[in-house]
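Peer 1: 3D, please:
(one chain, ligands or ions: 1)
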Amino acid sequence: MRLASLSVDLDEIPNYFSIHGLGAPPELSAGLVYDVALDRLRGLADAGRLPLTLFVIGSDVARTAARDGLRAALRDGHELANHSLDHRYDLVRLGREEIRRQIEAGADAIEAATGERPVGFRAPGYTITDEVFDVLRELDVAYDASVFPCPAYYAAKTAAIGAIALRGRKSRSIVDTPSVLRAPTRPYRIGRPYWKRGDGLLEIPVQVTRGLRLPFIGTSVTLAGPSRARLLAKMCIGEPLVNLELHGIDVLDADDGLEALRPHQPDVRVDAKAKIDAILAVVEELRGAGYTFVTMREAAAVFGTR
Ligand SMILES: [Zn+2]
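Peer 2: Next up is the predicted model:
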């Protein structure tokens, strides 16, 4: 069996400003993910004939535009999952009580706004700990999708946080434990520590390629362009699940109102249409190799019983 899923973290624009240690974004661009990207993502899903899994930040659904967009996405057959209440990059350092509130209240907000309670969770910035897993277990979460066992990403993130500090700014992003690099790269039940196998919660790791474990995520696919994105997809073929994780910003570009991010993020310089083409090229490549696209919840149901 070959399953594939496309998930999208709907991180709103202020998160990117805080990663780079910039101030607040201009008001007009602060809501671009829900105001512009979500419709493009629904269009992408239509074109690719696949369901999306949308990881929603609970506090964002206070906006009517966000609520309406998510309800429309649900009607299209997409899954909504929990990306915490406030997307605190330092979630793991907040203490048990606040960790629980961030996760539970995130799910509550999404359920109140859409009528659907999410069953999946992804931590902000892919940073997770055994303590967070304990809370997920308490809250009966069906699957987690935060572990990213990717040496290239780990090195790049650690270097970027250092470089931002050298320029005298402070990134909100935090460095993860390198032990995450020892985690399995396919769906597994976590042990203790979570990067070992056990009989705990089902983890669906963020995708890396076979062998080199290159990141197979929105940023690498959209920066690669359609033909090299196909090569990256080929490097994942053979995996029982190929789980491509995007962000809302992957279907936006500088012209949408993100000029201020242009010096900080090369992906913002690529035309949105070209980025969507690269994602669809990957979908076509995987489908051609016999993959069926499902939501993460459906993938979890299959891999959770293995
Ligand atoms: Zn996020």
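
Peer 1: wouldn't Leu85 be in contact with Val61 here?
Peer 2: No. The pair formed by Leu85 and Val61 falls short of the contact definition of Cβ atoms under 8 Å, at 10.1 Å. All C-beta atoms are positioned from the backbone trio N, CA, C, and that covers glycine.

Peer 1: How confident was the prediction at the closest residue to the ion within the stretch 101-250 of the chain?
Peer 2: Among residues of the stretch 101-250 of the chain, the one nearest the ion by Cβ to the ion turns out to be Pro124. It sits 4.9 Å away. Turning to Pro124, the model gives it a pLDDT of 96.

Peer 1: Pull the number of nearby residues for it.
Peer 2: The number of residues packed near Pro124 is 25, by other Cβ atoms under 10 Å.

Peer 1: What values do phi and psi take at it?
Peer 2: Per-residue torsions, Pro124: phi -60, psi 140 (degrees, to the nearest 10).

Peer 1: Contacts for stretch 263-275, please.
Peer 2: The set of residues that contact stretch 263-275 without belonging to it, under Cβ atoms under 8 Å, 6 or more residues apart in numbering, is 16, 20, 22, 40, 218-219, 222-223, 225-226, 249-256, 258, 261-262.

Peer 1: Sort out which of those are buried, if you could.
Peer 2: In those, burial by neighbour count holds for 16, 20, 22, 40, 218-219, 222-223, 226, 249-254, 256, 258, 261, counting by 16 or more other Cβ atoms under 10 Å.

Peer 1: Tell me which entries of those lie within helices.
Peer 2: Among those, the ones falling in helices (DSSP state H) are 16, 40, 218-219, 222-223, 226.

Peer 1: Output those residues as a markdown table; include the columns distance to the ion and pLDDT.
Peer 2: What follows is those, written out as a markdown table (distance: Cβ to the ion, whole Å; pLDDT from 0 to 100):
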| residue | distance to the ion | pLDDT |
| --- | --- | --- |
| Tyr16 | 10 | 96 |
| Arg40 | 18 | 98 |
| Gly218 | 11 | 96 |
| Thr219 | 12 | 94 |
| Thr222 | 16 | 97 |
| Leu223 | 18 | 95 |
| Pro226 | 25 | 96 |
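
Peer 1: Dump these into a markdown table; add distance to Leu202 as well.
Peer 2: As requested, these are arranged in a markdown table below (distance: Cβ to Cβ, whole Å):
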| residue | distance to Leu202 |
| --- | --- |
| Tyr16 | 30 |
| Arg40 | 30 |
| Gly218 | 23 |
| Thr219 | 25 |
| Thr222 | 28 |
| Leu223 | 30 |
| Pro226 | 33 |
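
Peer 1: what's the closest of those residues to Leu6?
Peer 2: Sorting those by how near they are to Leu6, with Cβ to Cβ, puts Gly218 at the top with 9.4 Å.

Peer 1: Quick one: name the residues of the stretch 101-250 of the chain near the ion.
Peer 2: Neighbours of the ion within the stretch 101-250 of the chain, by Cβ under 5 Å from the ion: Pro124.

Peer 1: Okay, buried residues for the host helix or strand of Ala274 please.
Peer 2: Here Ala274 is covered by helix 272-288, with elements defined by DSSP states H and E. Of all the residues in helix 272-288, those buried under the rule 16+ other Cβ under 10 Å are 272, 275-283, 285-287.
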